[in-house]
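Engineer: With the input below, show me the fold.
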Amino acid sequence: MNPVRLGRSDLMVSPICLGTMTFGEQVSQRDAFAIMDRALERGVNFWDTAEMYAVPARAETFGATESIIGNWLAARPGVREKIVLATKVAGPSRGMPWIREGAGMTAADIVASCEGSLRRLQTDVIDLYQIHWPERHAPAFGNLYYDPAKEVTQTSIHTQLQTLGQLVQQGKIRNVGLSNETPYGVHEFVRLAEQYGLPRVASVQNPYCLINRSWDNAMDETCDRLGVGLLAYSPLGVGLLTGKYDASGTTGPDAPQGTRLAYPSVQKQRWGRPEALDTARLYNALAREHGLTATQLALAFCYRSWRVASTIIGVTSLAQLDENLDAWSVQLTPELLSQVDALRWKFRDPGQ
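Structural biologist: Alright, predicted model coming up:
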């Protein structure tokens, strides 16, 4: 895997990024260490985490993922310089009062969150500091529609950028990014950065997979023209696009246990919709018709897309990690991609 430049920043990252939100919930520290060691051995140099992880989010595991990564770095002198480390400041509270008091995301909140992440990660600097979800009201996490009546913003985008700029000047972060964003948000962050000489957004981390290609309707043009890279998360649709739920479904006695979809909170979200599984089954069947596994099709779709700078893979075992990394060699034929587009035309984005 040859490294790619992230947006217009100076960050050179592997086109596969190690997602870590399972560390501290589904994955123990010992197993997380083994996964990170293997990823580094196999050429991955890009780690993504967040202050709110592990997931599903609980007060008891808040910050656990960053702490595990920090312990791994502390136990391996010299490794910090080999990886690009990304984390995120949580947006306004979404039923998680343990992250911070108050409903907004103030300048003081951003600074305090950054300081907390630096302590847990046991590092002096964060290479990519991302806003996990917009401070303003915006459709995300399964909400399809913008509703101006729900606006409760307290901190302007300009103030957010100024605060991030101060953290850059202090040497605590190197670059800034967004997550779960919209075209408006990206344009406004870039416009204000260019107008006031503030940090320019390097990337946007949004969902992108066969059952959620909402990025392909406006965000792709926005970020291509503005030079902002896509960090594609949930490329396997939280496991729906691996085929492991095809026969059993996501609930019931025969459903796989120990997965994210085994948690009731996840079952109630976008990935738990019956339409998401029904449509995933069609893509999984299409993969098998072409001699591929469901996982190979889903990952190769992201790996080979011009829209994606780096694909975030989240795993719970070394076997999953190796399977996901091995899929880098898979090429998709024009015929297969045409059939993928035909399914999307008919069934759209049930995981949106």
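
Engineer: gap between Thr20 and Asn71?
Structural biologist: 12 Å (C-beta to C-beta, to the nearest Å). C-beta: built from backbone N, CA, C; applies to glycine.

Engineer: who's more crowded, the two?
Structural biologist: Thr20 (28 against 16; other C-beta atoms under 10 Å).

Engineer: Lys88 versus that one, what's the distance?
Structural biologist: Distance of Thr20 to Lys88, given as C-beta to C-beta: 11 Å.

Engineer: now Cys302
Structural biologist: For Cys302, the distance to Lys88 - C-beta to C-beta - is 20 Å.

Engineer: Then Leu337?
Structural biologist: Counting by C-beta to C-beta - Leu337 and Lys88 are separated by 32 Å.

Engineer: all strands of the stretch 151-300 of the chain, in order?
Structural biologist: Assigned by DSSP state E, counting those that start in this stretch, the strands in the stretch 151-300 of the chain fall at 173-179, 201-207, 229-233.

Engineer: can I get these in a markdown table with distance to Pro3?
Structural biologist: Listed next are the strands of the stretch 151-300 of the chain as a markdown table, based on distance: least, C-beta to C-beta, whole Å:
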| stretch | distance to Pro3 |
| --- | --- |
| strand 173-179 | 15 |
| strand 201-207 | 14 |
| strand 229-233 | 12 |
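
Engineer: what's the closest of those to Ser67?
Structural biologist: Using C-beta to C-beta as the measure, strand 173-179 is the one of those that comes nearest Ser67, at 18.9 Å.

Engineer: Next, the angle strand 229-233 makes with the closest one.
Structural biologist: Taking axes from the mean of the first three to the mean of the last three C-alpha atoms, to 10 degrees, strand 173-179 and strand 229-233 form an angle of 60 degrees between their directions.

Engineer: can you list contacts of strand 173-179?
Structural biologist: 6, 9-11, 86, 88, 114, 125-134, 161, 164, 167-168, 185-186, 189, 199-206, 231 (C-beta atoms under 8 Å, 6 or more residues apart in numbering).

Engineer: which outside residues touch stretch 268-279?
Structural biologist: 141-142, 211-212, 234, 237-238, 240, 245, 249-250, 260-261, 266, 343, 347, 350-352.

Engineer: Can you say which of those residues are buried?
Structural biologist: Those of these that meet the buried threshold are 211-212, 234, 237-238, 240, 245, 250, 260-261, 266, 343, 347, 350-352, by 16 or more other C-beta atoms under 10 Å.

Engineer: Which parts of this structure are helices?
Structural biologist: If DSSP state H is used as the criterion, the helices of the chain fall at 29-41, 64-74, 107-121, 157-169, 183-196, 219-226, 264-267, 274-289, 294-303, 318-326, 334-347.

Engineer: Quick check: which of those is buried the most?
Structural biologist: The highest average neighbour count among the helices of the chain, using mean count of other C-beta atoms under 10 Å, belongs to helix 294-303 at a mean of 24.

Engineer: next one: that helix to chain centre, how far?
Structural biologist: Distance of helix 294-303 from the chain centroid (C-alpha atoms, centre = their mean, to the nearest Å) equals 16 Å.

Engineer: quick one: pLDDT of the most far-flung residue of the chain relative to its centre?
Structural biologist: Within the chain, the residue lying farthest from the chain centre (C-alpha atoms, centre = their mean) is Pro253, at 30.0 Å. Note on Pro253: pLDDT of 86.

Engineer: again, but for Gln257
Structural biologist: For Gln257, the model assigns a pLDDT of 83.

Engineer: and it, backbone torsions?
Structural biologist: The phi/psi pair for Gln257 (degrees, to the nearest 10) reads phi -100, psi 160.

Engineer: show me the contacts for Glu194.
Structural biologist: Going by C-beta under 8 Å, 6+ apart, Glu194 touches Arg200.

Engineer: Can you add distance to Gln195 and mean neighbour count and give the strands of the stretch 151-300 of the chain back as JSON lines?
Structural biologist: Formatted as JSON lines, these follow (distance: least, C-beta to C-beta, whole Å; neighbours: other C-beta atoms under 10 Å):
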{"stretch": "strand 173-179", "distance to Gln195": "16", "mean neighbour count": "24"}
{"stretch": "strand 201-207", "distance to Gln195": "14", "mean neighbour count": "27"}
{"stretch": "strand 229-233", "distance to Gln195": "22", "mean neighbour count": "25"}
